[in-house]
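In: sequence isn't available, so here's the structure alone:
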């Protein structure tokens, strides 16, 4: 009988949480201690049985002990990825590092009065997960845990479903303790102040909360203000809208990296603005959030950690398991070369991911959140191996400043039965708060794919999810731009192409058009190219009368464009065209645009092909 068969027998006969903890713990030491003397086995048997509360659990554990003796000749094999905190004899030893190692201990407890201190009578919570960034331990029956730490460790609790950690005044979850006795090294931006000796007990307060199967989360990509003025751009452009719509009913929010733009002193005013939304807010590390004067990757997160905690971690909300990853690998400057970053996860983080996923049921939806798109992470193949056999996974990033849906297949080394969906999210700052300012002085910030800046709302229902795009200061139904000439001749109709940019479109979207009031629907062709209006804006910037504002980045190739030739026999007059898009989640959006057909050649218009504007373009519109 193999491990899984024995575990199944154990849990079928006793599905209680303590039985589950006992089986996890027993597998950590049973194959090691089976080589030891009978007296030693009796000692550890007593440790395990303290965590079993039913006769069935006791019976199965005794059987496990006997079976372990039968496999003693097979050598040592540690099969579990977590240990019970009570079983201190079998914890993995710290890897060989030139650092001082100690053991941290504490309690995860029910904070009944919410004062973030453990008062008399507040009970410890058994079976909760605590990590040191590599290993994960489970609290024992009294909520106690123990883990090893170095002189540069963040110990954190992994928030389980139905419980919440405290929040600070900026709505940032407080789920960690930083142990840096000497503090961070001196750098341009302050890091962690010296924490001093390890406390006698590092306790984590949790409070119960309702977490239904169906819930929403807000996704902000690259808020990226250079300064406080751009924090105010974000406040007027995005946050006012989100607050007015009561956070869209979201339970939590996430910024997918590039929280700021290299000036890490902007973290604090940024956080204060985000806190106005009023919901817990998690943060991913981006390449513009690091200490650029750090000599290596290890020391590049010091300021981030001092404000947000660990650079990678996980938590549960509802039925979803979220993994927040740091995929920015920094190489510090040398005497002959500037510092640079690349996409990478690294050995320690991969160990944490492996241990974390080992404790997550295969049927649970796992959402991985990172900054650099997964397809650009150098060691992604190892991550693929960890998630590709799971039936329900999703990953998301930002970084590129254009929106894209990747469906990762074997062409990129993915070996799972179905393509993996990776979302490159819309950015709050659009094109880094660039472009001509509008009537409020806010740059239009159009992204290089032609889409407006904005954010996403993701809805979860068990293992299902649905992504909704929201443009800044626009209504919910603003999901596309339709590009047509303002006026054409009868003769031009048969050669005139209509182009539609569906901002959140993907290869799984369907787009069609018809002439109103009752023309037949015709499918449009998806193409890859550059957004026509964005190209025209770049031409205007390069012309003799460029507009005010920071120039836009070069246009990018995008795959969410659709095109079709207009009907060749349009009569003279004004016509209305309707476009309908259905996304991969079967959400349907429509928009309309008019065009005038004349009998005689019309004067050449200097106006770019864009709906509803004057014939002469002098200043790019606020929201193309």
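Out: Great, that's in hand. Since this is a predicted model, take the numbers as computed values, not measurements.

In: alpha carbons only for contacts and neighbour counts from here, please
Out: OK.

In: any idea how far residue 235 is from the residue lying closest to residue 246 once chain neighbours are set aside?
Out: Of all residues not flanking residue 246 in the chain, residue 277 sits nearest, at 7.8 Å (CA to CA, 6 or more residues apart in numbering). Counting by CA to CA, to the nearest Å, the gap from residue 277 to residue 235 is 10 Å.

In: neighbour count: these two, which is higher?
Out: Each of residue 277 and residue 235 has its neighbours counted (other CA atoms under 10 Å); residue 277 has more, 23 against 18.

In: for that one, give me its contacts.
Out: Residues near residue 277 by CA atoms under 8 Å, 6 or more residues apart in numbering: 239, 242, 243, 246, 247.

In: extract the residue ranges of this structure that are flagged as low pLDDT.
Out: 1-100, 601-624 (pLDDT under 70).

In: mind giving me the domain ranges of it?
Out: As given by automatic domain parsing, the domain ranges for the chain are 3-81, 91-208, 215-345+371-471, 480-598.

In: now do the buried residues in stretch 495-508.
Out: For stretch 495-508, the neighbour count (16 or more other CA atoms under 10 Å) marks 496, 497, 498, 499, 500, 501, 502, 503, 504, 505, 506 as buried.

In: at which residues are the strands of the stretch 501-624 of the chain located?
Out: Under the criterion DSSP state E, counting those that start in this stretch, strands of the stretch 501-624 of the chain are mapped to 510-515, 522-523, 525-529, 558-565, 573-582, 588-598.

In: looking at the ones you listed, which is nearest to residue 312?
Out: For these, proximity to residue 312 was assessed by CA to CA; strand 558-565 is nearest, at 30.5 Å.

In: hmm, residue 598 is touching residue 491, no?
Out: No. Shown here, residue 598 and residue 491 do not form a contact pair, counting by CA atoms under 8 Å, at 9.2 Å.

In: mind checking how far stretch 134-151 is from the chain centre?
Out: 26 Å (CA atoms, centre = their mean, to the nearest Å).

In: what does stretch 475-483 give?
Out: Taking mean C-alpha positions (CA atoms, centre = their mean), stretch 475-483 and its chain are 25 Å apart.

In: which parts of that stretch are buried?
Out: So stretch 475-483, judged by 16+ other CA under 10 Å, has buried residues 478, 479, 480, 481, 482, 483.

In: which one of these is nearest to residue 315?
Out: residue 479 (31.7 Å).

In: re earlier: so which of the domains of the chain is the most packed in?
Out: domain 215-345+371-471 (a mean of 20; mean count of other CA atoms under 10 Å).

In: helices of the stretch 251-400 of the chain, start to end?
Out: Taking DSSP state H, counting those that start in this stretch as the test, the helices found in the stretch 251-400 of the chain are 267-275, 302-308, 347-358, 380-387.

In: export the ones you listed to TSV and append columns for distance to residue 561.
Out: TSV is the format used below for the helices of the stretch 251-400 of the chain (distance: least, CA to CA, whole Å):
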stretch	distance to residue 561
helix 267-275	32
helix 302-308	38
helix 347-358	36
helix 380-387	29
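
In: and those: which comes nearest residue 578?
Out: Per CA to CA, nearest to residue 578 of the helices of the stretch 251-400 of the chain: helix 267-275, 37.4 Å.

In: residues in contact with that closest one?
Out: With contact meaning CA under 8 Å, 6+ apart, helix 267-275 is reached by 169, 170, 171, 225, 228, 231, 235, 239, 259, 260, 281.

In: out of those, which sit inside strands?
Out: residue 281 (DSSP state E).

In: nearest to residue 347, of the contacts of helix 267-275?
Out: Residue 347 lies nearest to residue 259 out of the contacts of helix 267-275, by CA to CA, at 25.1 Å.

In: who's in contact with that closest one?
Out: Counting by CA under 8 Å, 6+ apart, residue 259 makes contact with 222, 223, 224, 225, 267, 270, 283, 285, 286, 288, 289.

In: switch the cut-off to 6 Å
Out: 222, 223, 224 (CA atoms under 6 Å, 6 or more residues apart in numbering).

In: any chance of the strands of the stretch 501-624 of the chain in CSV with distance to residue 548 as columns?
Out: Output for those, formatted as CSV (distance: least, CA to CA, whole Å):
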stretch, distance to residue 548
strand 510-515, 35
strand 522-523, 40
strand 525-529, 27
strand 558-565, 26
strand 573-582, 33
strand 588-598, 29
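
In: so the spatially most central residue of the chain bridges to which residues?
Out: For the chain, the residue nearest the mean C-alpha position is residue 369 (2.4 Å; CA atoms, centre = their mean). Residue 369 has these beta-bridge partners by DSSP bridges: residue 324, residue 396.

In: hmm, residue 326 and it touching each other?
Out: No. With contact defined as CA atoms under 6 Å, residue 369 does not reach residue 326; the gap is 8.7 Å.

In: for the stretch 451-600 of the chain, what spans make up the helices?
Out: 532-542.

In: so what's residue 240 up against?
Out: Counted by CA under 6 Å, 6+ apart, residue 240 has zero contacts.

In: and for residue 397?
Out: 256, 370, 371, 372, 373, 424.

In: and if you look at residue 153?
Out: Contacts of residue 153 by CA under 6 Å, 6+ apart are residue 179.

In: could you check how far it is from residue 504?
Out: 40 Å.

In: same deal with residue 241?
Out: If you go by CA to CA, the gap between residue 241 and residue 504 works out to 19 Å.

In: nearest to residue 384 among the buried residues of stretch 495-508?
Out: For the buried residues of stretch 495-508, the residue nearest residue 384 by CA to CA is residue 506; the value is 22.1 Å.

In: among the contacts of residue 397, which are in strands?
Out: Judged by DSSP E, strands contain the following of these: residue 424.

In: now the contacts of residue 397 in JSON lines, with distance to residue 298?
Out: Formatted as JSON lines, the contacts of residue 397 follow (distance: CA to CA, whole Å):
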{"residue": "256", "distance to residue 298": "20"}
{"residue": "370", "distance to residue 298": "18"}
{"residue": "371", "distance to residue 298": "17"}
{"residue": "372", "distance to residue 298": "18"}
{"residue": "373", "distance to residue 298": "21"}
{"residue": "424", "distance to residue 298": "26"}
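
In: check the contacts of residue 397 against residue 593 and report the nearest one.
Out: Distance to residue 593 across these (CA to CA) is lowest for residue 424, with 28.7 Å.

In: quick check: that closest one touching residue 402?
Out: No. Here residue 424 does not reach residue 402: they are 7.4 Å apart, not a contact under CA under 6 Å.

In: residue contacts, the closest residue to residue 202 other than its chain neighbours?
Out: Leaving aside its sequence neighbours, residue 202 sits nearest to residue 106 (CA to CA, 6+ apart; 4.4 Å). The contact partners of residue 106, taken as CA under 6 Å, 6+ apart, are 144, 145, 201, 202, 203.

In: make JSON lines out of the contacts of residue 259 and add distance to residue 531.
Out: Formatted as JSON lines, those follow (distance: CA to CA, whole Å):
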{"residue": "222", "distance to residue 531": "21"}
{"residue": "223", "distance to residue 531": "23"}
{"residue": "224", "distance to residue 531": "24"}
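
In: just give me the closest of those residues to residue 187.
Out: Residue 187 has its nearest neighbour among these in residue 224, at 21.0 Å by CA to CA.

In: distance of the closest one from residue 438?
Out: 19 Å.

In: and for residue 259?
Out: Relative to residue 438, residue 259 is positioned 24 Å away (CA to CA).

In: could you do residue 501 as well?
Out: 22 Å.

In: try residue 157
Out: The spacing between residue 157 and residue 438, counted by CA to CA, is 45 Å.
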